[in-house]
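Below is the sequence, then the predicted model.
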Amino acid sequence: MNPALAVSRRAVAWLPVALLAFTGCGGRGGCTNEYCGTVVFAASAEPTSLLPAVSTMAGERDVFDQIFLKLAQIGPDGATFGDSSFTPELARSWEWTDPLTLTFHLDPRARWQDGPPVTAADVAFTFDAYRDTLVGSQDRTALDHIASVAATDSETVIFKFRDRYPEMFYDATYHMRILPAHLLRDVPRATWQTAPFGRAPVGAGPYRLTSWTPGQSIELAADSAYFLGRPHLRRLIWRIAGNLNNSVTMVLSGEADAVEVLVTPANIAKAKADTALALYPYAGSTYNFVRFNMRANGDRSKPHPLFADPQMRRALVLGADRPQMVEAVFSGHAKIPPGPMPQLWSWLWRSKLTPAPFDTLEAARLLRGRHPSFHLAVPSSSPTRMQYAQLLQEQYRRLGVTVVIDQVDNATFQQLLESGKFDATLESIQTDPTPSSSVAALWGRTGPTNWGHYANDRFDALVRTASAALTRDAAQAAWESAFDALAQDPPCIILYALDNIAAVNHRVADVRIQPDSWWGLVRTWRIPPNQLIERDRAGR
Amino acid sequence: MTVATAAALTAIAVWTWAVVAWCRRRPWGDGGQRFFRHPGATRGMVVLVFLATVALCAPLVTAFAPYQQILALQDHPPSWLHPLGTDFLGRDVWSRFAYGARVSLGVGTLGMLVAVTLGGLVGAAAGYFRGWTDTLLMRGVDIGLSIPRIFLVLAGIALWGKLGLAALIMLLGFTGWFTTSRIVRAEVMSVRERPYTDAVRALGARPWWIVLRHVLPNSAASLIVSAALGIGNMMLLEAGLSFLGAGIQPPHPSWGNMIADGRDQLGTAPWTTLFPGLAIALAVMALNATGDALRDALDPRARGV
Amino acid sequence: MRAWLLRRIAAGLAIVFVTVSLTFVAVHLAPGRPFLPPDERPLNPEVVARLQHRFGLDQPLGVQYVRYFGALARGEMGESFSKRRPVAQLIAGAVPNTLLLTFAALVIDFTLGILIGLFQAARARRRSDVALANVTLFFYSLPTFWLALVLQLVCGLWLGWFPTAGTTDPALHASLPLLGRLGDRLYHLVLPALTLGLVGAGGTARFQRAALLEALGHDYVRTARAKGLAEPAVLVRHAWRDALLPVISLAGVALPFLLTGAVLIETVFSWPGLGKLATDAISARDYPLVLGTTLLATCAVVLGSLIADLLTAAADPRVRLTA
């Protein structure tokens, strides 16, 4: 679309509202300084609870990371080893009293949004809550290595670990958002899942919740007295769009200012053509794959007639033209990972690992003239995965392999996975900044989400070595051997890892995106006074 | 488009013209005259005969398989080779359109057949037997009618899990018979009161025999009309379901899932959604016009409307 | 009349009870389970078990059924699994949005439909009538969501005339004066209401035209003509009064259609109404919310047909409501 039209259409779009606003109250000029900006985010899904301990979705994290703080924040390089790249947040400083004891000194300036100071007792309370099975926190098991958390005085809190490993500091700080003990102590733990606190959270962060209209929007307001510096953006608003398409439409029409991912080349092209938008690429935290079921469809006691045979799985890996599919679906805006990993683990991408080649001859040899047929379950909610399923179906058809696509809704998909009633599934996984949690969970023999019952003892041993490696180099080497072992006996076909591209309105300056938590750095964004529009000036 | 497909298309056009012209010339009697006096009847028939023939002869009029992907040609605008362009997977939109006609028209027609059969039986039973049978059946119909149909279908899809073509047709049929049954019931009630029914009954015929042999044929007119109108509704519903990601399973094309597939590119590659959208509208229009004309033809009371 | 009303209400309640019971059994039998990972982070099975216990899903189905209706009798609709709020609160939030959209669509539908129908009847079988007949039939035959997508793209995105999503502008709405807030709401209403209204108007116009033409053939209209009344007066004062009746009863029937159409429209325009709530609930297997919306939709339709009957009776003294 031509730029002139793009500008004028926005002027036209807001004209009626602006007219009404000014005829109603000409005097209300509103906010015009450095601290006025209002940014509207388009959200694909609505949060269920903003209580971090019971939250399960990334969309919730986007919002509550503005409201709650961690002890320390992961650095811009995303390194999870040691503590050197972490930056202080609620904790002003920390030291290791011995290899298993970590002491944090809280920032005395930190206050809860309802007044009282943040104390070491809050931290101890938070750890207790995250570990409580009654609460049912998704992060409970991630804290397994921490034996205890105790407050010695109001500003000092001591973490004791069970064993020594490189990501101790990461585990102590990354998973928990510190919660206000004085507001949550009396709420029965078993009711946290539905606690009203999740709809009216109170934290110690730069923003506080001002309104939440279910199904429509969530609004946060900046705390001008925030102890780590006053945020420039005065208001943050999440508009619930319902799906990615609607989110992108909202941003293109100017009704929202930012969307965290564009995913499809069509969306990327539209956003590029829109002069009001700036694009910000960042490393994505998801990867997508076809999972094979090692056990018979619906009967875990028997081996799968096709996929119990590693040669069959290898043939299917080799028979998929993944470069062509990435090009066809993403026009180059995604990469083929050399192992089960997202782009977020960038240090692993710089290794000598390479993705399996596209080799129909070898695939045909491994198939030995067989013409297998299997079902591939795909959630209907994901258009890109549906697209991939159809591409795979067509490529395998040429190899003499019949793929029956079962397009099922998300709820059914999840149940198929859990009950083992599938041959193969097309899945997408969002990971933590480190491989040590998700790789074992997905592909380890006892992993809770190893739905295909893959078992590879050599791989499991290598994963254990890699997770315990004390240096980045050692870890890299160990992960490489682990992924190599996985490639020899593949449990899945790794298809793609997205390049995430965020689109943010040009009037927002200093946009920085944190790969593991997209809007984590919003407090540093700003809108220069000469860029303010009606939305920013509007006062409450 | 190759020369062969162009020739095939021309042949279909000629065939359509011939069929419609033949129908017009046939001495159908009063009904036929009334049918063709309806302003939309001829055009409606032309559209329906054309689309149905294209659907039946899909392999003849297309140069590509509907699922064949030419990845070098994604989102290509209409050209001589691809008269309706290509979609996001480089598939020929015309091929998908032609094969999609099979699915869309087929699902609509078969779904309606199921619905009409069920609705006819239930309505006939309720109208003929009256009493508690009638009360029970009609309260059931009230319940069915009281829930918005798309919820019924969505819930049905959730119940089914994986939805095959047959299941979808059954589902559309099972949720589409309520109105038909009401129409048939009313018709049966009026037929039941006519003297010849009494005469047949007096001759000792069994109730079911009476319903099947004498009552149903008399309500055929209203059944046929409601079926013609219902097929359109089925097609629209199938399209809506595909849009919600719950319709026909890939790689089978249907006009509904073609629109759903192309919604992203509505602005950039409009041909992928425009043609199936127009096709649905045209087909439904034609069905409505034909249905109206049929009503004129079969029911002299409604003449002049 | 009173006996008739009582009977209708009793029948209505029975319908509601059976419908909700059937839905209860259906949603629990459906494959798939609630508490889905909302995005691509797999949920720990331990967390799921905790949630199932919290919401009583580890109880036998019979116990859950009795519990549900017990709570319902006390006026409680339970707590939504996926939104973690009371179902009643969610529905109360969505109903005004759906009513607003449905009402606006009905106004557009009937104003346009009746006017076009009148115009067509006045010029029956002339060129303008035939042309309009084609246009109305076309709109009537369009897939609603397709029209919604096109209108959203053209009027919303390309021309920028109207907003593409939501009921209000959350960044501005609260700070606007009363008039401005009203304007903001209407402004957001335009595209979704227009889509639904246009499709509906196609049907209404066809119906109105047919009813008018039939009325025009009646004896009393001929009498009126014979008395020398001008044709427009005959049409409006005599025929139209008669032909309005079936159209009014159409309004009652149109309600479920508008609710159905609204499901897709609400999805396209991110309109937080009942249809969207219900489809979200079905796909999340949010049992209490599915049941709650079914309950409401059934009540609405039962009430709608009751009101349509009452209206018909009020408009036409010949219709008697008898038990």
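That came in fine, so what should we check first?

Could you give the bridge partners of residue A:289?
Applying DSSP bridges to residue A:289 gives these bridge partners: residue A:427, residue A:494.

didn't it look like it was pressed against residue A:494?
Yes - in terms of C-beta atoms under 8 Å, residue A:289 counts as a neighbour of residue A:494; the distance is 4.8 Å. C-beta here means a position set from N, CA and C on the backbone, and glycine is covered the same way.

between these two, which one's more packed in?
residue A:494 (25 against 22; other C-beta atoms under 10 Å in any protein chain shown).

From what I see, the more buried one and residue A:342 are in contact.
No - the pair residue A:494 and residue A:342 fails to qualify as a contact (C-beta under 8 Å) at a distance of 10.5 Å.

ok, which residues in the stretch 51-200 of chain C are in contact with chain B?
C:130, C:133-134, C:137-138, C:140-146, C:149-150, C:153, C:157-158 (C-beta under 8 Å from any C-beta of the partner chain).

Residues of the stretch 201-350 of chain A that sit close to chain B?
Going by C-beta under 8 Å from any C-beta, the residues of the stretch 201-350 of chain A near chain B are A:245, A:264, A:266, A:267, A:269, A:270, A:324, A:327, A:328.

Tell me which residues touch residue 290, please.
Because you didn't say which chain, this covers chain A. By C-beta atoms under 8 Å, 6 or more residues apart in numbering or on different chains, the contact set of residue A:290 is A:316, A:376, A:392, A:424, A:425, A:426, A:427, A:492, A:493, A:495.

um, chain C though
Here residue C:290 is in contact with B:155, C:23, C:27, C:278, C:281, C:282 (C-beta under 8 Å, 6+ apart).

Quick check: phi and psi on the residue in the stretch 301-450 of chain A that chain B sits nearest to?
The nearest approach of the stretch 301-450 of chain A to chain B comes at residue A:380, 3.7 Å away (C-beta to the nearest C-beta). Dihedral pair for residue A:380: phi -70, psi -10, per degrees, to the nearest 10.

Could I get the contacting residues of the spatially closest residue to it that is not a sequence neighbour?
Leaving aside its sequence neighbours, residue A:380 sits nearest to residue B:245 (C-beta to C-beta, 6 or more residues apart in numbering or on different chains; 3.7 Å). Contact analysis of residue B:245 by C-beta under 8 Å, 6+ apart lists A:380, A:381, A:407, A:409, B:260.

Tell me if I'm right that the last one and residue B:241 touch.
No - counting by C-beta under 8 Å, residue B:260 does not reach residue B:241; the two are 9.2 Å apart.

residues shared between the contacts of the two?
With C-beta under 8 Å, 6+ apart as the test, residue B:260 and residue B:241 both reach residue B:247.

Count the residues that sit near the nearest residue to residue C:32 once chain neighbours are set aside.
Using C-beta to C-beta, 6+ apart and skipping residues adjacent in sequence, the residue nearest residue C:32 is residue A:411, 2.9 Å away. Per other C-beta under 10 Å, the neighbour tally for residue A:411 reads 24.

Assign residue A:411 to helix, strand or coil.
helix (DSSP: H, G, I helix; E, B strand; the rest coil).

Check whether the host helix or strand of residue B:105 comes near chain C.
In the assignment (DSSP states H and E), residue B:105 maps to helix B:93-129. No - residues of helix B:93-129 contacting chain C under C-beta under 8 Å from any C-beta: none, with a closest distance of 10.9 Å.

Show me what secondary structure element comes after that helix.
Beyond helix B:93-129 toward the C-terminal end (DSSP H and E), the next one is helix B:131-146.

The helix or strand following that next one packs against which elements?
Where DSSP H and E defines the elements, the next helix or strand beyond helix B:131-146 is helix B:149-160. Identification of packing neighbours for helix B:149-160 by 3 or more C-beta pairs under 8 Å, 6 or more residues apart in numbering or on different chains; DSSP states H and E yields helix B:165-174, helix B:220-243, helix C:2-29, helix C:241-268, helix C:274-284, helix C:287-315.

So which of those is nearest residue B:295?
Residue B:295 lies closest to helix B:220-243 among those, at 4.6 Å (C-beta to C-beta).

right, and the helix or strand after that closest one?
helix B:255-262.

could you give the mean pLDDT of that next one?
Average pLDDT, helix B:255-262: 87.

contact partners of that helix?
B:87-88, B:93, B:96-97, B:100-101, B:103-104, B:235, B:238-243, B:245, B:247-248, B:250, B:269, B:272-273, B:275-277, B:279-280, C:143, C:145-146.

Just give me the closest of the residues of the stretch 201-350 of chain A next to chain B to residue C:171.
For those, the nearest to residue C:171 is residue A:245 (21.5 Å; C-beta to C-beta).

Contacts only, for that closest one.
B:263, B:264.
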